[in-house]
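*Asks:* Predicted coordinates and the sequence they were generated for:
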Amino acid sequence: MPLERLLQSLKSDTVHYFANPGNGGDSVIAHATYELFQKFEISYKIISQTCAQPFDLSDKIIVYGGGGNLVKEYSDAHNFIEQNHKRARRLIVLPHTITDHVPLLSKLGENVVLICRQRTSYAHVKQHAKSAEILLADDLALSLDSSKILRSKPRHANGISLSKFFKLKARELCSRTFTSAHQPKVLQAFRTDVEKTDIEISKDNIDVSIRYGSGTDPDSAHWITHQIFSFINQFDEVRTNRLHVAIIAAMLNKNVLLRPNSNSKCQSVYEYSMKDRFPNVVFQP
């Protein structure tokens with residue numbers, strides 16, 4: 001597998017990792033990334049999201065986290081890549097949805113590796129990033145072991161400020177109160193952010209990825225991932241246009257109705273990585 005070969009090639013170096021910012025889904029991706037770093041014995045240093053350049057990154061191997069940030073709705077990945085691609089010895093973008101951003105793609109050199117998580121992104125990048133290395137791989141969340149996550153004891157006591165811990169704990173208790181009072185079997189989990197659509201949002205809708213917030217350091221990512229998996233595991237059926245809510249529900253063997261978000265991400269990832277792997281997932285345009 002191209003992604004595995006790439007990760008194996010990083011074993012002898014220290015990489016500088018910048019996690020894609022965002023919501024709970026990005027925390028799940030970050031947790032999967034740390035698991036892969038451990039599996040492939042990759043030494044890493046975390047680039048803080050509050051200061052994108054805490055180290056001298058010249059001639060370093062830089063890894064930008066997977067996600068859906070290289071699309072028209074966001075600028076984080078674009079700005080980070082713009083600032084660092086020329087000075088990096090190697091800049092690797094982990095499995096991503098990539099649309100638009102043509103001027104940036106056209107400037108990228110041979111030291112850049114772009115990993116796409118769907119065929120539509122791969123075709124777009126192939127057309128516009130003529131010099132970069134381009135790979136195709138599954139979203140990193142699909143590399144997780146759901147049973148291992150449910151059994152795990154999250155490291156929320158380490159590395160998280162007290163204020164952040166209490167905010168996350170409050171969300172957990174709020175979710176438990178809801179499920180205990182109403183015993184729902186069907187989870188409505190549609191987007192309420194910039195990627196929302198005109199799908200009617202019901203009163204019992206829970207935008208899970210926003211409810212649990214975001215955190216991409218190892219301890220926060222582990223804790224949030226465990227909470228999201230545990231919460232979704234309480235339901236029999238999940239209806240959503242949140243990609244990672246659908247992925248997690250699929251991995252937990254729930255019946256999943258996946259609807260489109262505002263761009264092609266949900267459909268194209270479903271077609272590339274989920275359609276043949278999860279018969280319990282139905283995509284409804």
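*Replies:* In hand now; what should we look at? Bear in mind the structure is a predicted one, so any value in this text is a computation, not a measurement. Numbers count the residues shown, from 1 in each chain.

*Asks:* Give me the sheet partners of the longest strand belonging to the chain and which way each runs.
*Replies:* Of all the segments assigned as strand in the chain under DSSP state E, the longest by residue count is strand 90-98. Partners of strand 90-98 in the sheet, by DSSP bridges, are strand 61-64 (parallel), strand 67-70 (parallel), strand 112-116 (parallel).

*Asks:* looking at those strands, which is buried most?
*Replies:* By mean neighbour count, with neighbours taken as mean count of other Cβ atoms under 10 Å, strand 67-70 ranks first of these at a mean of 28. From N, CA and C alone the C-beta is placed, and that goes for glycine too.

*Asks:* next structured bit after it?
*Replies:* Counting by DSSP states H and E, the next helix or strand C-terminal to strand 67-70 is helix 76-84.

*Asks:* From the contact counts, what lies against that following helix?
*Replies:* strand 61-64, strand 67-70, strand 90-98, helix 102-107 (3 or more Cβ pairs under 8 Å, 6 or more residues apart in numbering; DSSP states H and E).

*Asks:* residues in contact with the first one?
*Replies:* Okay, so that is strand 61-64. Residues outside strand 61-64 that contact it (Cβ atoms under 8 Å, 6 or more residues apart in numbering) are 10, 13-18, 20, 33, 44, 47, 77, 80-81, 84, 88-94.

*Asks:* tell me the average confidence for that strand?
*Replies:* For strand 61-64, the mean per-residue pLDDT is 98.

*Asks:* cool, the last one as well?
*Replies:* For helix 102-107, mean pLDDT rounds to 98.

*Asks:* repeat for the third one
*Replies:* Within the predicted structure, the mean pLDDT of strand 90-98 is 98.

*Asks:* Specify the angle between it and helix 76-84 in degrees.
*Replies:* 160 degrees (axes from the mean of the first three to the mean of the last three Cα atoms, to 10 degrees).

*Asks:* Could you dump the helices and strands packed on helix 76-84 into CSV with distance to K185 added?
*Replies:* Shown next, in CSV, are those (distance: least, Cβ to Cβ, whole Å):
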stretch, distance to K185
strand 61-64, 39
strand 67-70, 29
strand 90-98, 31
helix 102-107, 45
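
*Asks:* Which one of those lies nearest to Q118?
*Replies:* Smallest distance to Q118 across the helices and strands packed on helix 76-84 (Cβ to Cβ): 6.5 Å, for strand 90-98.

*Asks:* Output the strands paired with strand 90-98 in a markdown table, with distance to G25 appended to each entry.
*Replies:* Output for these, formatted as a markdown table (distance: least, Cβ to Cβ, whole Å):
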| stretch | distance to G25 |
| --- | --- |
| strand 61-64 | 16 |
| strand 67-70 | 8 |
| strand 112-116 | 17 |
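
*Asks:* Please identify which of the ones you listed is closest to S220.
*Replies:* Once the strands paired with strand 90-98 are compared by Cβ to Cβ, strand 67-70 is nearest, at 15.8 Å.
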